[in-house]
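Chemist: Test case, fold it:
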Amino acid sequence: MPDDAQRNRLGAYLKARRGLVTPEQAGIPAGGVRRVPGLRREEVAMLAGISADYYLRLERGRDTHPSPQVLDALARVLRLDETERAYLFELAAPSTRKRRRRTPPERVPARLHHLLAAVNVPAFVERRTFDVVAANDLAIALSPRLRPGQNRLRSLLLDPEEQAFHKDWAASAVEMIAAFREQAGAHPDDPRFVELVGELSLASGRFRELWARHDVRRLEGGTATVLHPVVGELRLHRDKLPVDGFLLVLYYAEAGSESADKLALLASLAGSNERS
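Modeler: Residues are numbered from 1 along each chain as shown. The predicted model follows:
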């Protein structure tokens with residue numbers, strides 16, 4: 001992250017989000033030529049019930065701790081959902097509160113390794129930065145990019161095989177970058193986030209484009225459709241469970257489905273390769 005954006009994260013977020021709200025969405029007639037996308041600063045201030053000068057100070061980083069009432073008003077005007085609103089409040093929190101966050105653990109507990117070996121579905125452990133730190137054989141059979149030492153966000157954006165693996169790569173990129181930003185906002189002092197943002201900003205135009213939007217999304221489960229080079233298309237559920245400062249991620253198919261049969265075949269193939 002550039003130094004100025006890192007210092008003024010609240011202002012950068014406000015500016016990015018007002019650029020995504022159209023005058024029509026805010027109930028303002030759009031008439032005439034507008035030089036900026038989305039809402040003007042003075043329009044945000046008017047709709048939030050604050051002075052234009054005060055809002056300008058917020059965007060320029062001259063005031064970084066607005067009241068909860070002001071934040072609520074801005075969240076309403078900028079049409080923020082629950083996750084985005086929480087992120088806004090996090091950015092405005094005093095730095096002393098942010099520094100109290102627990103540092104991430106260095107080693108994966110042995111019990112998590114035992115759990116990975118015991119489950120019969122693809123499972124792996126990652127840090128909040130999407131660095132994979134442990135995985136079972138079936139996860140690696142599903143995707144070699146799930147090996148320990150890989151970073152899933154980097155793979156998604158820079159590895160053509162990983163891009164082909166995701167049936168809807170574009171949606172996956174939007175979701176993962178938004179989740180990455182949410183975690184980065186919650187842990188601003190973690191140098192790994194800064195390192196990855198710098199690397200991906202240089203290497204990926206798609207990352208630069210989506211990062212500039214300041215979308216945020218919580219790390220949650222869901223359903224993904226992937227294209228495996230051997231067994232073909234798989235529709236898999238995904239659960240993410242926080243454990244001891246890490247995230248345990250499990251993929252599994254609907255019982256009795258074609259994807260479940262293909263996942264069983266993949267497990268059989270992985271076992272055969274391990275024995276040979």
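
Chemist: Residue nearest the middle of the chain, spatially speaking?
Modeler: Taking CA atoms, centre = their mean, the centroid of the chain lies closest to residue 179, which sits 1.4 Å from it.

Chemist: I'd assumed residue 219 was in contact with it.
Modeler: Yes. Between residue 179 and residue 219 there is a contact under CB atoms under 8 Å: 5.0 Å. All C-beta spots, glycine's among them, are computed from the backbone N, C-alpha and C.

Chemist: picking that back up, for the residue nearest to the centre of the chain, pull up the helix or strand it's in.
Modeler: Counting by DSSP states H and E, the element that carries residue 179 is helix 169-186.

Chemist: what is the mean pLDDT for that helix?
Modeler: Mean pLDDT, helix 169-186: 92.

Chemist: and that helix, what does it pack onto?
Modeler: Other elements packing on helix 169-186 under the criterion 3 or more CB pairs under 8 Å, 6 or more residues apart in numbering; DSSP states H and E are helix 82-91, helix 152-158, helix 191-203, helix 205-211.

Chemist: after the worst-scoring helix or strand of the chain on mean pLDDT comes which helix or strand?
Modeler: Every helix and strand of the chain was ranked by mean pLDDT, DSSP states H and E. The lowest is helix 95-98, at a mean of 52. Next in sequence after helix 95-98, counting helices and strands by DSSP H and E, comes helix 110-118.

Chemist: what sits up against that following helix?
Modeler: Identification of contacts with helix 110-118 by CB atoms under 8 Å, 6 or more residues apart in numbering yields 123-125, 134-136, 139, 243-244, 246, 248.

Chemist: so where's this protein uncertain?
Modeler: Applying pLDDT under 70 to the chain flags residues 1-6, 30-31, 94-104, 272-276.

Chemist: Where is the longest strand in it?
Modeler: Longest strand in the chain, counting residues (DSSP state E): strand 232-243.

Chemist: quick one: buried residues of that strand?
Modeler: Residues of strand 232-243 classed as buried by neighbour count (16 or more other CB atoms under 10 Å): 234-236.

Chemist: Mind listing the strands it pairs with, and their directions?
Modeler: If you go by DSSP bridges, strand 232-243 pairs up with strand 222-228 (antiparallel), strand 246-252 (antiparallel).

Chemist: I'd like the helices and strands packed on helix 169-186 written out as TSV, with mean neighbour count and distance to residue 266 added.
Modeler: Compiled in TSV, these are given as follows (neighbours: other CB atoms under 10 Å; distance: least, CB to CB, whole Å):
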stretch	mean neighbour count	distance to residue 266
helix 82-91	18	33
helix 152-158	21	19
helix 191-203	15	30
helix 205-211	16	29
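
Chemist: May I see those helices arranged in JSON lines, with distance to residue 258 as well?
Modeler: Listed next are these as JSON lines, based on distance: least, CB to CB, whole Å:
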{"stretch": "helix 82-91", "distance to residue 258": "33"}
{"stretch": "helix 152-158", "distance to residue 258": "25"}
{"stretch": "helix 191-203", "distance to residue 258": "35"}
{"stretch": "helix 205-211", "distance to residue 258": "31"}
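
Chemist: how about the ones you listed, which one is nearest residue 16?
Modeler: Nearest to residue 16, of all the helices and strands packed on helix 169-186, is helix 205-211, at 9.5 Å by CB to CB.

Chemist: With just CA atoms, put that closest one into CSV.
Modeler: Below are the C-alpha coordinates for helix 205-211, written out as CSV (Å, rounded to 0.1, in the frame of the first residue of the first chain):
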residue,chain,number,x,y,z
GLY,A,205,-4.0,-5.2,-13.2
ARG,A,206,-7.1,-6.9,-12.0
PHE,A,207,-5.9,-6.6,-8.4
ARG,A,208,-5.2,-2.9,-8.9
GLU,A,209,-8.7,-2.4,-10.3
LEU,A,210,-10.6,-4.2,-7.6
TRP,A,211,-8.3,-3.0,-4.7
